[in-house]
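[1] could you look at this predicted model? Sequence included:
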Amino acid sequence: MMAEFYKLLLAIYCGSIIVSGEGYYGKQITNGKIRTLAHRVTGTVYAASNKRLYIVGFSYDGTAPDAFAWMGSSDRPSSAGDIIAVNGSSGVLGSFSNDVVRLDLPDGKTLSNYKWLSIWCRRFTANFGDLIFPAQIDTPAPVSLGTLGFSRRVHNVRAENVIVLNHRQIQLVDLDYDGNGPDAFYWTGSGGTPNRNGFALADESRSGSTAKLPRQSFNDKTVTVTVPANKGDVFSIGYVGLWCVRFTQDFGHVDIPPMSELNVPPFDGESAVPIAPTKDTYTPPVTRDNCEVLIDDTYQVRWSVTATDIEVSLSARIFPGTYMAFGLSGSETSTLMIGSDVTVAWLAETGIKTNAVDYYLSAYQQCVVSSGSGACTDEGSTPSGTNDVIVGESSNENGIITISYTKPLSTSDTNTDKVIATDKDVFVSWSIGPINPNGLAAKHRQQPSSDVKINFGRASSECPAFTVGDRENLNPWVIPKAGKEGKTEFQLDMGQAGGPRGYEGITGQPGWGIAWYVDGFIIPEITLKRNVTYTFTVNGGSDETIQASYHPFYITNDEEGGYFQKTAEEQQGVVIYAGPVNGSLCEYQSMGAYNPDDFETFEKYRDTSLNRVCDSPEEPATVTWTPDADTPDLVYYHCYTHKWLGWKINIVDDYTDASLPSTTISMVTLIASMLIAIIMM
């Protein structure tokens with residue numbers, strides 16, 4: 001209540017008003033109250049623009065025979081004037097009681113053409129109430145905020161101008177974007193710096209959608225975005241820009257001035273640009289009573305409840321070999337992974353076998369089979385439970401995997417299962433991650449960023465369809481492996497991730513639009529030999545204030561990278577073998593509106609559409625590293641500040657077969673020796 005009170009005080013101080021939190025009408029004209037002369041005429045006049053006025057709290061008894069809203073240019077109200085349309089009508093006024101009415105000036109006229117407003121009766125040349133305008137009216141008008149984008153563009157984002165059109169709409173003029181952000185939104189929120197607590201703006205060119213931007217590049221596009229009605233207006237936000245939700249990255253933004261500096265028109269409820277056709281969509285082929293979105297356009301859960309069971313269908317934009325986990329939280333007061341009772345469902349990498357298994361999460365770690373602790377199956381937990389999940393049908397269409405299963409609402413397993421309530425909100429846990437070669441769930445890659453509650457017994461509900469296109473069916477590029485006998489130096493730059501043909505297709509991970517380039521190739525697997533010293537020359541960016549362009553290089557045993565983002569608990573067990581080092585930034589940037597989907601090979605994509613651009617002066621950093629006998633066969637090169645920008649390093653004892661880890665080579669050599677010995681006998 002106090003916040004609303006202070007907001008009202010600020011609005012009055014600034015000469016504008018918020019009426020019961022419902023309407024903004026522009027700038028109150030100085031001494032803007034209508035003088036009451038007859039027929040109970042009252043009201044306060046606001047300038048919405050140089051062509052429109054609002055009267056707030058307008059009253060008139062409607063009994064005069066020929067009364068109109070009337071404006072003229074003489075020194076005081078007279079019969080020399082123009083009829084002003086009220087709420088779109090130029091007819092005789094009816095009765096009004098404390099209403100808000102809109103006055104639209106005639107074509108070819110602006111406020112500067114008039115000196116007064118009157119409620120005027122033509123037949124009797126009578127003035128029932130009037131307002132004499134001041135010599136100067138501070139008329140609301142769109143406000144220019146200047147350019148959007150960093151000096152070194154992130155995903156080529158730049159707008160030549162950002163204009164606050166009205167109190168709910170903002171226009172991005174001549175906007176460029178390379179389309180490679182995996183989870184990009186038009187974004188806003190309070191404060192001056194974009195963050196995960198903001199919200200998506202409605203894109204008028206996509207039928208007012210607040211969904212993430214499609215992976216399509218564009219140049220010189222003018223985009224109008226709208227603050228959703230339930231999220232406030234431009235006076236309650238502090239910035240506008242493009243933001244990657246999944247990787248919490250600012251692609252470029254501008255600050256929104258305080259309310260005292262924004263004298264803009266009210267939003268009239270009409271779109272500023274034509275409506276574009278909608279994208280193709282896909283709805284999973286399952287019928288359930290309810291649905292909940294867990295990740296926008298990425299992960300959904302559907303369910304129906306019977307007398308004894310819950311029937312669940314999980315759908316996500318993932319690859320085979322990646323699991324979807326969903327179930328009850330480990331806490332009754334929040335979403336907590338530890339103690340969660342979840343079902344882990346996945347499609348085998350072969351795309352044939354469907355799996356859904358009962359899991360209990362006793363600790364924040366992968367399952368330790370010997371002790372039954374961590375993220376283990378119910379049957380493999382200590383104390384053990386039972387697998388009460390019955391797997392159902394599955395589908396893999398348009399890049400969306402759907403897996404159905406059934407589980408009892410209440411089981412006899414008191415060690416690892418919880419009772420699923422259907423009469424109240426309950427907190428749930430979910431995650432997405434890889435399945436280990438042993439068939440157990442590995443550490444998740446995505447999980448809730450805040451508490452999630454669901455009432456499983458609620459009335460029916462639906463989820464929006466997934467957006468689809470041709471991208472999911474593209475073959476990934478084949479990237480030549482890096483590393484051979486005698487090669488001890490590697491050059492690392494940043495570059496475009498290449499979408500489903502590039503980072504996503506190669507790794508099976510949702511890259512955030514950029515990736516490491518090694519000697520000009522996108523994330524090749526590197527093979528290094530033990531006891532050989534290697535030098536890595538790194539151009540990852542040195543400006544920490546622009547996190548989207550700051551990528552220190554390091555080598556680690558952690559497959560996802562981003563050590564800086566991890567909690568102290570998550571950092572446990574992570575080994576850093578070399579780095580982090582950064583150097584100045586060199587980046588393979590897009591030269592135009594090229595779509596990586598259109599190129600069958602990476603080399604064609606790179607040579608046609610990318611240009612290596614470096615900071616001046618170019619000042620790379622170097623780091624040397626000598627893998628030894630204690631180095632695992634598989635490690636990773638990554639970005640210290642962001643997850644999923646790098647890929648694998650294979651460590652071998654010899655380059656005899658650099659595609660195989662050393663243990664495999666040793667086994668092959670042993671078997672070959674034995675065969676030769678047998679033949680020679």
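    Happy to help now that I have it.
[2] from here on, contacts and neighbour counts on C-alpha atoms
    Will do.
[3] residue 477 falls within a strand, correct?
    No - using DSSP: H, G, I helix; E, B strand; the rest coil, the assignment for residue 477 is coil, not a strand.
[4] how far away is it from residue 104?
    59 Å (Cα to Cα, to the nearest Å).
[5] point to the residue nearest the middle of the chain.
    Centroid-nearest residue in the chain: residue 245, 3.3 Å away (criterion: Cα atoms, centre = their mean).
[6] not counting sequence-adjacent ones, nearest residue to it?
    residue 183 (5.7 Å; Cα to Cα, 6 or more residues apart in numbering).
[7] neighbour count: residue 477 and residue 104, which is higher?
    Using other Cα atoms under 10 Å, the more surrounded residue of residue 477 and residue 104 is residue 104, with 23 against 19.
[8] identify the bridge partners of that one.
    Residue 104 has these beta-bridge partners by DSSP bridges: residue 52, residue 85.
[9] which residues does it contact?
    Residue 104 sits next to 51, 52, 53, 84, 85, 86, 87, 88 when contact means Cα atoms under 8 Å, 6 or more residues apart in numbering.
[10] now residue 517
    Contacts of residue 517 (Cα under 8 Å, 6+ apart): 492, 493, 494, 495, 523, 524.
[11] and of these, the nearest to residue 95?
    Lowest distance from residue 95 to those (Cα to Cα) belongs to residue 495, with 66.5 Å.
[12] how near is that closest one to residue 143?
    Where residue 143 is concerned, residue 495 sits at a distance of 36 Å (Cα to Cα).
[13] more neighbours, these two?
    residue 495 (28 against 18).
[14] what is the mean pLDDT for stretch 166-174?
    Mean per-residue pLDDT for stretch 166-174: 94.
[15] so where's the stretch 301-450 of the chain shaky on pLDDT?
    350-351, 437, 445 (pLDDT under 70).
[16] how does it look with 50?
    Scanning the stretch 301-450 of the chain for pLDDT under 50 picks out no residues.
[17] tell me how many other residues surround residue 461.
    Neighbour count of residue 461, defined by other Cα under 10 Å: 12.
[18] what's opposite the nearest residue to it once chain neighbours are set aside in the beta bridge?
    Once flanking residues are discounted, residue 461 sits nearest to residue 290: 4.6 Å by Cα to Cα, 6+ apart. Note on residue 290: beta-bridge partners by DSSP bridges are residue 303.
[19] what's the spacing between residue 290 and residue 425?
    14 Å.
[20] in terms of neighbours, single out the busier of these two.
    Taking other Cα under 10 Å, residue 290 and residue 425 do not tie; residue 290 has more neighbours (20 against 15).
[21] list buried residues within the contacts of residue 104.
    51, 52, 53, 84, 85, 86 (16 or more other Cα atoms under 10 Å).
[22] of these, just say which sits nearest to residue 112.
    Nearest member of the buried ones among the contacts of residue 104 to residue 112, counting by Cα to Cα, is residue 51, at 9.5 Å.
[23] backbone dihedrals for the closest one, both of them.
    Main-chain dihedrals, residue 51, degrees, to the nearest 10: phi -120, psi 0.
[24] wouldn't it be in contact with residue 113 here?
    No - in this structure, residue 51 is not within contact of residue 113 by Cα atoms under 8 Å, at 10.4 Å.
[25] could you measure from the residue nearest to residue 461 over to residue 460?
    5 Å.
[26] with residue 104 instead?
    Residue 104 is 45 Å from residue 460, by Cα to Cα.
[27] now do residue 234
    Taking Cα to Cα, one finds residue 234 at 35 Å from residue 460.
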